[in-house]
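# Requesting a structural model of the entry that follows:
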Amino acid sequence: MRARAPQSALARRRRDEVGGAVTLLVMLMVPVCLLAAVAAAAVPRRLAAESAADVAAKNLASLAVAWRDAQARDHGALDWFFGDCVASSTNASAGDLAALEPEFQRACEALTESVLEGLSARGFDANTVTGFYSSAYAASAPTTMTPDGNHAVSLPCHAGGRAIVADAVHLGLAADWATTDWAASQAWPQGLRIAAEAVGTIPLPAASGTMAEPACGSLLDIVPLDAQPAGGNEARQLAESLPTRTGFGS
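Now for the predicted structure:
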């Protein structure tokens, strides 16, 4: 059996260089792969969180416009609204409305619990939810002007078919996200403040033979601020022209 020739110094050095290059490549690739894995987990969760915020805003906007209609308050604060669910000291109820207080409070508490649970399940800190709701559209829209100086379409208006939008309310909310989710906190160490807005409406069937109301068009279609065209849009101009906004939350 022939003896194995010893390796030369040059061969050993080349082998060491190859091994070192492989080690360096591994050291460089591991963080990249880890970051890609974190992003792959975090981005869908952020999209799900934004969707949850949109749903919460729509639910609260629907509550706000229903409460305005039921309490006959076009402007200012509403009683039994998210998340205190108590009567406002400046809006003391009287007469027949007082008899509805238990029903209003129970409905408010049930929706508040549902909204907060939905947001918490998507990684929001429920203690940081804040927002606002506007005046009633029907009480404010006739004074609104479009950029060309004409009066904007006002409520009530036809929303398609025989449906009429009798009134509407604009609502916005925001909350801290990525404070408890590990993957999201790696991608956004400081967390994110995610916001959403919606217009809640009161739809009614059109009376037979009455089609005098104008078409709503895009009057109620709020476009996100970061996506609106340079000239703005009619829906946002109308929402921002409403005389009062009432804050809620922490």
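# for the chain, what spans make up the strands?
Using DSSP state E, the strands of the chain run over residues 130-134, 157-160, 163-177, 192-205, 245-249.
# So which elements touch the first one?
I take that to be strand 130-134. When contacts are defined as 3 or more Cβ pairs under 8 Å, 6 or more residues apart in numbering; DSSP states H and E, strand 130-134 sits against helix 9-71, strand 163-177, strand 245-249. (Each C-beta comes from the backbone N, C-alpha and C, glycine too.)
# just to revisit the earlier point, with mean pLDDT, distance to Leu78 and mean neighbour count added, can I get the strands of the chain in TSV?
Formatted as TSV, those follow (pLDDT from 0 to 100; distance: least, Cβ to Cβ, whole Å; neighbours: other Cβ atoms under 10 Å):
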stretch	mean pLDDT	distance to Leu78	mean neighbour count
strand 130-134	97	7	22
strand 157-160	82	23	17
strand 163-177	93	10	23
strand 192-205	93	12	19
strand 245-249	94	7	16
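# want to try a markdown table for these, with distance to Ala57 as columns?
Formatted as a markdown table, the strands of the chain follow (distance: least, Cβ to Cβ, whole Å):
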| stretch | distance to Ala57 |
| --- | --- |
| strand 130-134 | 8 |
| strand 157-160 | 19 |
| strand 163-177 | 5 |
| strand 192-205 | 4 |
| strand 245-249 | 12 |
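# For Phe124, find the nearest of the ones you listed.
When these are compared by Cβ to Cβ, strand 163-177 sits nearest Phe124, at 4.6 Å.
# just checking, what packs against the closest one?
helix 9-71, strand 130-134, strand 157-160, strand 192-205.
# give me every residue that touches the residue nearest to Ala53 when sequence neighbours are not counted.
Closest residue to Ala53 apart from its sequence neighbours, by Cβ to Cβ, 6 or more residues apart in numbering: Ala196 at 3.8 Å. The contact partners of Ala196, taken as Cβ atoms under 8 Å, 6 or more residues apart in numbering, are 50, 53-54, 56-57, 172-174.
# What of Ser135?
Applying Cβ under 8 Å, 6+ apart, we find Ser135 in contact with 74-75, 169, 242-245.
# could you redo the last one with a cut-off of 6 Å?
Shown in contact with Ser135 (Cβ atoms under 6 Å, 6 or more residues apart in numbering): 75, 242-244.
# Kindly report the same for Cys108.
80, 85.
# So for it, what's the pLDDT?
Predicted confidence (pLDDT) for Cys108: 92.
# Next, work out how far apart it and Val86 are.
Using Cβ to Cβ, to the nearest Å, we find Cys108 at a distance of 9 Å from Val86.
# before we move on, what about Ala235?
Distance, Ala235 to Val86, by Cβ to Cβ: 32 Å.
# more neighbours, the two?
It is Ala235, of Ala235 and Val86, that has more neighbours when counted by other Cβ atoms under 10 Å, with 20 against 11.
# Surely the more buried one is in contact with Ile222?
Yes - Ala235 is in contact with Ile222 according to Cβ atoms under 6 Å; the separation is 5.2 Å.
# any common contacting residues for the two?
Shared contacts of Ala235 and Ile222 (Cβ under 6 Å, 6+ apart): none.
# closest to Val115 out of the strands of the chain?
Closest approach to Val115 among those is made by strand 163-177 (9.1 Å; Cβ to Cβ).
# Now do the closest one and strand 192-205, the angle between them.
170 degrees (axes from the mean of the first three to the mean of the last three Cα atoms, to 10 degrees).
# how about stretch 115-126: buried residues?
115-116, 118-120, 122-126 (16 or more other Cβ atoms under 10 Å).
# which stretches of this structure have low pLDDT?
For the chain, the stretches flagged by pLDDT under 70 are 1-41, 89-98, 141-153, 179-187, 207-212, 225-232.
# Apply 50 and report the result again.
Counting by pLDDT under 50, the chain shows low-confidence ranges at 10-19, 22, 24-30, 32-34, 144, 151, 209.
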